[in-house]
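Undergrad: Coordinates for the following, if possible.
(4 chains)
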Amino acid sequence: MRCAEIVTDRISPDGLLRLVEDGGEGAVVLFGGRVRGRNEGRAVRVLHYEAYEAMAADILAAIGAEAIERCGATQVAVRHRAGDVHPGEWSLLVAVAAPRRAAGFAAARYVVEQVKGRLPVWKREVYEDGTSRWLDGVDPGVRSADEVPMRTYDEGGA
Amino acid sequence: MRCAEIVTDRISPDGLLRLVEDGGEGAVVLFGGRVRGRNEGRAVRVLHYEAYEAMAADILAAIGAEAIERCGATQVAVRHRAGDVHPGEWSLLVAVAAPRRAAGFAAARYVVEQVKGRLPVWKREVYEDGTSRWLDGVDPGVRSADEVPMRTYDEGGA
Amino acid sequence: MRQVETGIPIRLLLFGPFREMAGRGEMEISVPPGSRVRDLVDQLRSAPPLDALPAAVAVAVNRRFAPPDRDLAAGDEVALVPPVAGG
Amino acid sequence: MRQVETGIPIRLLLFGPFREMAGRGEMEISVPPGSRVRDLVDQLRSAPPLDALPAAVAVAVNRRFAPPDRDLAAGDEVALVPPVAGG
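TA: Residues are numbered from 1 along each chain as shown, chains lettered A, B, ... in the order given. Sure thing, here's the model as predicted:
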C-alpha cells in the first residue's frame, strides 16, 4: 500500500502513478472517475461528497490491502475526494502496479468496485438551476465486524 | 480514436491521458506495460522491439476502433515502442475514456489483449552478460483479410 | 428516572440523507442496558425525527459495520449508514 | 526460362526470427502464375535458407493477414509473420 486517502484538495493521475511506478513492476493500471457536467440530462454545477471520514479512511486502506492479497497486485494507491467536486475534476483515482497485466486489471477493478460498494461516502448533486438531490447509493449491508464483503462484477456490464 | 502509434521515442502516461481526458467522460482507464529489469531470473540490459511498422500501425488503429465499437469506449489512445527499450521504460501505453467504468476497463483490457495477440511486433531480450534471445510469441493465426480475431481472456488469470 | 441513570450513553452519527432527516449529524443518546444494534434502530424509528428510517439500515459501531445483534457498550460511536455512493 | 519470364514478382518481407533465418529482411522473388499463399510458403520451405520454417506460418499480404488459399498477384507485399510478442 502506498496511499489510501480521503482528501479535500484536487487529485491528479500523475501524483498517484508516481507512487506505484517506482517498484519496476511490469504492469501498471490506473482508474480515474470524474464528475460529469451532465447527468441524466441535467447540467451539473457541483457534486458534494460527504464522507464518514475516519471510517472511510480505514475502509480504503483495507480495500487496498485486499487488492494486494487477493488479486496479486504489488502496490496500490487510492485517493477519494471529499467536499465539493466540480465537473471535470477527478473524484476517485486508483493506481496499481503488478507483475502481470491480469493481476493489475483485477486489482484496479477490485478497488473501484469495493469503493462503490462499501465506502461510507454520499454524494449530493447540485444542478445549475440551484436544485439538488442525493444520488442513489448501494446498501453496504449489515455485516459482522470481521466480514469483508465480496462483490462480484460482470466485466461486460454497466 | 485519438492516437495509434508505433514510436521509437520514449512514451509517457501523462501524454496519453491528456489525449483522452478532454471529452469529459466519467471514467478513464490507463494501462502501462514496462520492461522489467529481470526476467526469469536473468538481468535484462535492454529489450529490442522489431516491428512490421506499416502493418502494426494499421492493426493498432483497427484495435482502437474495435475497442470503441465493441466495448463502448469513447476515446482510445495507444502507443507502442519500437527499437531499444530499457528496463523501467514503458513499452506499451493504452488510455481509454468511457461513460462508465465497466466499458473503460473492458476497452483497455481489449486493446492490451489484442496488441499481445495480433500486433506484428517481436522482441529480443538482451541480457547483462551479452547474450540475447527472441521471446516466445503468440501465433496470430492465418485469417482472411476481413476477419478480426477475437480472443477471450480470463479476468483472474495470469 | 432510574432508566436514564442506568442508560448506556451512545454517540450517534448521522450522514447524508439520514443527517438531513435528523436535522443534525451527531446526537448523544442513551439506550437501556442490554441493548443491541437492532434495539437502538427500533428506538430511533419509534419517534421523530428518525421515524422514517428505512426498515433495513446499515449500522457501524466504532467505525466498523456491525450486525443487528451486536451488543452496545457505553461510549460506542454508532453511525447510521445510508446506501453508499462512493466513486 | 519461360517460367521466369511469366513468373509473378513478389516482395517478400521477413521479421524477427524469420529474418535471422533468412539472413535478410527483404527479398524479391518470383512465383509461378496461379500461386497461392500456401504455394509460396511451400516453395520457400523447399530449400535453404528458409527450409526450417515452421509447418504453420502466418502470412500477411499487403499488410493484412491472409489465408493459405489467397491468390498472389504481381507486386504483392508478402510478409512471413512469426509468432507475435507485442506489449
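
Undergrad: backbone phi and psi for residue 13, please?
TA: Using chain A here. Main-chain torsions, A:Pro13, degrees, to the nearest 10: phi -60, psi -40.

Undergrad: residues contacting it?
TA: Contact analysis of A:Pro13 by C-beta atoms under 8 Å, 6 or more residues apart in numbering or on different chains lists A:30, A:32, A:90, A:93, A:95, B:13-14, B:17, B:28, B:30. For glycine as for every other residue, the C-beta is placed from the backbone atoms N, C-alpha and C.

Undergrad: Let me know the pLDDT of C:Arg11.
TA: pLDDT, C:Arg11: 98.

Undergrad: what does A:Thr131 give?
TA: On the pLDDT scale, A:Thr131 is placed at 97.

Undergrad: would you list every one of the helices in chain C?
TA: Along chain C, counting by DSSP state H, helices occupy C:2-6, C:16-22, C:37-45.

Undergrad: Just give the number of residues close to A:Gly83.
TA: The tally of other residues near A:Gly83 (other C-beta atoms under 10 Å in any protein chain shown) stands at 14.

Undergrad: That one: what's it in contact with?
TA: Applying C-beta under 8 Å, 6+ apart, the residues near A:Gly83 are A:8, A:48-49.

Undergrad: In which helix or strand does the residue located most distally from the centre of chain A reside?
TA: Distance from the C-alpha centroid of chain A, by C-alpha atoms, centre = their mean, peaks at A:Asp129 (28.3 Å). A:Asp129 belongs to no helix or strand when assigned by DSSP states H and E.

Undergrad: What backbone torsions are found at it?
TA: The phi/psi pair for A:Asp129 (degrees, to the nearest 10) reads phi -80, psi 0.

Undergrad: which ones are touching C:Glu28?
TA: Counting by C-beta under 8 Å, 6+ apart, C:Glu28 has contacts C:9-12.

Undergrad: Setting aside sequence neighbours, what's the nearest residue to the residue in chain A positioned nearest to chain D?
TA: Relative to chain D, the nearest point of chain A is A:Arg101 (7.8 Å; C-beta to the nearest C-beta). The shortest distance from A:Arg101 to any non-neighbouring residue, by C-beta to C-beta, 6 or more residues apart in numbering or on different chains, is to A:Ala27 (4.5 Å).

Undergrad: circling back: just the buried subset of the contacts of A:Pro13, please.
TA: Among those, those classed as buried by neighbour count (16 or more other C-beta atoms under 10 Å in any protein chain shown) are A:30, A:32, A:90, A:93, A:95, B:13, B:17, B:28, B:30.

Undergrad: Those in strands, which ones?
TA: A:30, A:32, A:90, A:93, A:95, B:28, B:30 (DSSP state E).

Undergrad: could you redo those residues as a markdown table and give each row pLDDT and distance to chain D?
TA: Shown next, in a markdown table, are those (pLDDT from 0 to 100; distance: C-beta to the nearest C-beta, whole Å):
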| residue | pLDDT | distance to chain D |
| --- | --- | --- |
| A:Leu30 | 98 | 17 |
| A:Gly32 | 98 | 22 |
| A:Trp90 | 97 | 27 |
| A:Leu93 | 98 | 24 |
| A:Ala95 | 98 | 19 |
| B:Val28 | 98 | 20 |
| B:Leu30 | 98 | 15 |
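
Undergrad: filter the residues you listed down to the ones near chain C?
TA: Among these, not one lies near chain C by C-beta under 8 Å from any C-beta of the partner chain.

Undergrad: From the contacts of A:Gly83, list just the buried residues.
TA: A:48-49.

Undergrad: Thanks a lot, see you next time.
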